[in-house]
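K.L.:
generate coordinates for the sequence data below:
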Amino acid sequence: MERDQLTALLTLLRVSGMGPARIRTAVSAYKTPLGVLDAPFNDLCRLEGIDLKLARSIKDGPPSSSVSEEIDRTRDLGATILTLWDKGYPPLLKKIYDAPILLYVRGAVASLENDSVAVVGTRKPTPYGTKIATELAQGLASSGLTVVSGLASGIDTHAHKGALSVKGGTVAVLGSGIDIIYPSANRKMTGQIEESGAIISEFPLGAKPDAPNFPKRNRIISGLSHATVVVEAGNRSGAILTALDAVDQDRDVFAVPGRLTDPKSLGCLRLIRNGAIPYHSVQHLLDILNPRLGRPLKPIQKEMDLHLTKEESALFKKISGDPKHVDDIVAEVDSDPSTVLTLLLDLELKGAVVQLSGKQYVRA
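P.N.:
Numbering: from 1, shown residues only. A predicted model of the protein is given here:
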């Protein structure tokens, strides 16, 4: 957006009572933010949601110099202000009903258009949760997806680090201005994130990480993503709120099953009881999401060294992707039934074949 229009938009956002919904209505009526500021007073009063008091506040507005200063400070940080009307605005985020009017972005703006999955959870994970979050993020990033999280301590941090460890893309959504990194322990990591991903916020520069900001930013985490995966969460975890935002946005929610007696798993178990998809592997998640990705993933044929013996290899060649009864397998090989059953068991243990019901076997 051109500077004069951006200045007008920031001016509207600073008008008390002029929230995103009213700004969208006004810009729709007058085509541009500057058009709203230049509109006749009486015409403004006729717009839905704008009364005499609010129209007067729009006309008075904050000093343009303070708005211009914010734009300059943003650019001094090497950051960008991306608006709802800009071409590079995240397409998935634009689809939610309360999409932010603008985003402050540090890093690769283009990364916001990538297919993404959110990984969230408790700030105090167990070793199990840490392991799952790291491996999940590594798998997603290695597959070409961007990992979205909130830069918080715990699961969020491990999700970002997991993606970075395989040189993948990750996006951190802040509950503060992009010039205030919280927690400060993650300040160094933000430099790495900016290389292939982005640090973003809808809050203006200087905004502190106040508690009310975090539930609000959660809708952006889920809104950027095709799905949200909750790794570990207590009953009152903010990660649960992110999952509920994803449901409202008609996005998939996955939850990692945990021990029934572990307080850190109570939130995930409750999500599963209420319809969340139990997470058990990256591939399973990708299989579900692939049809709706902007850039569907191509299947990767992996060659596995199964370390089969000569006898096992000969039997393995008789088994295909179609179920075959054990009696038919015995009939095709020159060996007795007990030897065939022993070899089939060895192949199962090596992950080469799978036994189905009715004593049928297929290749794994």
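
K.L.:
let me see the ranges of the helices in the stretch 101-250 of the chain.
P.N.:
Per DSSP state H, counting those that start in this stretch, the stretch 101-250 of the chain carries helices over the ranges 127-142, 155-165, 187-196, 213-223, 238-248.

K.L.:
among those helices, which is nearest residue 9?
P.N.:
helix 213-223 (18.0 Å; Cβ to Cβ). Quick note: C-beta positions are derived from backbone N, CA and C, even for glycine.

K.L.:
tell me how far that closest one lies from the chain's centre.
P.N.:
Centroid separation for helix 213-223 versus its chain: 11 Å, with Cα atoms, centre = their mean, to the nearest Å.

K.L.:
pull out the buried positions in it.
P.N.:
For helix 213-223, a neighbour-count test (16 or more other Cβ atoms under 10 Å) marks 213-214, 217-223 as buried.

K.L.:
got the residues you listed as CSV, with distance to residue 75 and pLDDT columns?
P.N.:
Formatted as CSV, the buried residues of helix 213-223 follow (distance: Cβ to Cβ, whole Å; pLDDT from 0 to 100):
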residue, distance to residue 75, pLDDT
213, 23, 96
214, 27, 95
217, 23, 96
218, 28, 97
219, 27, 97
220, 22, 98
221, 26, 98
222, 29, 98
223, 26, 97
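
K.L.:
just those residues now: which is nearest residue 185?
P.N.:
Relative to residue 185, and with distances defined as Cβ to Cβ, the nearest of the buried residues of helix 213-223 is residue 214, at 17.1 Å.

K.L.:
quick check: that closest one touching residue 173?
P.N.:
No. Look at residue 214 against residue 173 with Cβ atoms under 8 Å: they stay out of range, at 9.9 Å.

K.L.:
which residues do those two both contact?
P.N.:
Common neighbours of residue 214 and residue 173, counting by Cβ atoms under 8 Å, 6 or more residues apart in numbering, are residue 150.

K.L.:
stretch 81-94: end-to-end distance?
P.N.:
End-to-end distance for stretch 81-94, by Cα to Cα, to the nearest Å: 15 Å.

K.L.:
out of the helices of the stretch 101-250 of the chain, indicate the one that is most buried.
P.N.:
helix 155-165 (a mean of 26; mean count of other Cβ atoms under 10 Å).

K.L.:
CA atoms only: put it into CSV for me.
P.N.:
What follows is helix 155-165, C-alpha atoms only, in CSV (Å, rounded to 0.1, in the frame of the first residue of the first chain):
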residue,chain,number,x,y,z
ILE,A,155,6.1,-26.3,23.0
ASP,A,156,6.1,-23.1,20.8
THR,A,157,9.9,-22.7,21.2
HIS,A,158,10.6,-26.4,20.4
ALA,A,159,8.3,-26.1,17.3
HIS,A,160,10.3,-23.2,16.0
LYS,A,161,13.6,-24.8,16.8
GLY,A,162,12.6,-28.1,15.2
ALA,A,163,11.8,-26.3,11.9
LEU,A,164,15.0,-24.3,12.0
SER,A,165,17.1,-27.5,12.7
